[in-house]
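Attaching a predicted model along with its sequence, questions to come.
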Amino acid sequence: NRHRGGDNITEQVKRSLTHVGPLLNDLLIDFQGFFSKAILGTHGREIFNEGMTCLKGEASVVELAMQLCSQEWLTALEKHAGVSFTKLLREGRHVATSTDEYLVKLALWSENVAAEAIAEHIVRAADFQISSKQIISALLSEQHTTIRLLHSQQKQSVAAGNKGWSEVQL
């Protein structure tokens with residue numbers, strides 16, 4: 001009965017199931033209606049409700065482990081768990097397929113959104129370049145006009161200055 005460092009099996013079971021025991025206990029109590037119909041002993045005899053006595057009150061995790069490991073429970077679980085496991089696998093495959101399809105659709109949608117965003121960005125960049133060129137052209141034209149006006153004003157000022165100088169010299 002002694003294993004590893006002098007602990008007996010009861011202590012090892014208590015230590016290993018301390019955190020899981022309450023969860024198992026709650027699951028079995030919460031789904032009692034389902035389990036009482038699904039887990040049947042030999043000749044269709046209900047074994048779940050009989051085993052529920054170990055779950056009521058402050059039953060130890062050792063009692064719970066002993067109940068779940070009894071031959072009758074193991075046989076019933078094996079018989080019904082096989083069918084349930086197969087159903088679970090089918091459902092898992094269905095969920096995996098649905099998830100794959102959803103991810104493919106999501107990826108395609110993301111690619112479309114990205115392509116639209118890139119196309120919109122390209123259009124905006126092209127519009128910006130066109131408007132920038134128009135603005136630069138208008139500014140260059142304005143600069144050229146301003147330079148011509150300044151040269152014209154300068155010529156007028158030089159002519160007026162020369163005329164004033166020639167009148168002063170007379």
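Now that the structure is in, tell me what you want to look at.

Contact partners for the residue nearest to the spatial centre of the chain?
The centroid of the chain falls nearest to Leu103 when counting by CA atoms, centre = their mean (11.3 Å). By CB atoms under 8 Å, 6 or more residues apart in numbering, the contact set of Leu103 is empty. No exception for glycine: its C-beta is placed from N, CA and C like everyone else's.

per-residue pLDDT, it?
What the model reports as pLDDT for Leu103 is 92.

now the one 10 residues further on
Model confidence at Val113, given as pLDDT, is 96.

ok, how many other residues are close to it?
Neighbour count for Val113, taken as other CB atoms under 10 Å: 10.

just to revisit the earlier point, from Ala115, how far off is the residue nearest to the centre of the chain?
Distance, Leu103 to Ala115, by CB to CB, to the nearest Å: 18 Å.

what packs against the one helix or strand Asp26 maps to?
Assigned by DSSP states H and E, Asp26 belongs to helix 20-30. Packing partners of helix 20-30 (3 or more CB pairs under 8 Å, 6 or more residues apart in numbering; DSSP states H and E): helix 61-69.

Is Glu46 bridged to anything, and to what?
In this entry, Glu46 is beta-bridged to Leu40, by DSSP bridges.

Gly33 is in contact with that one, correct?
No. With contacts counted by CB atoms under 8 Å, Glu46 stays clear of Gly33, the gap being 11.9 Å.
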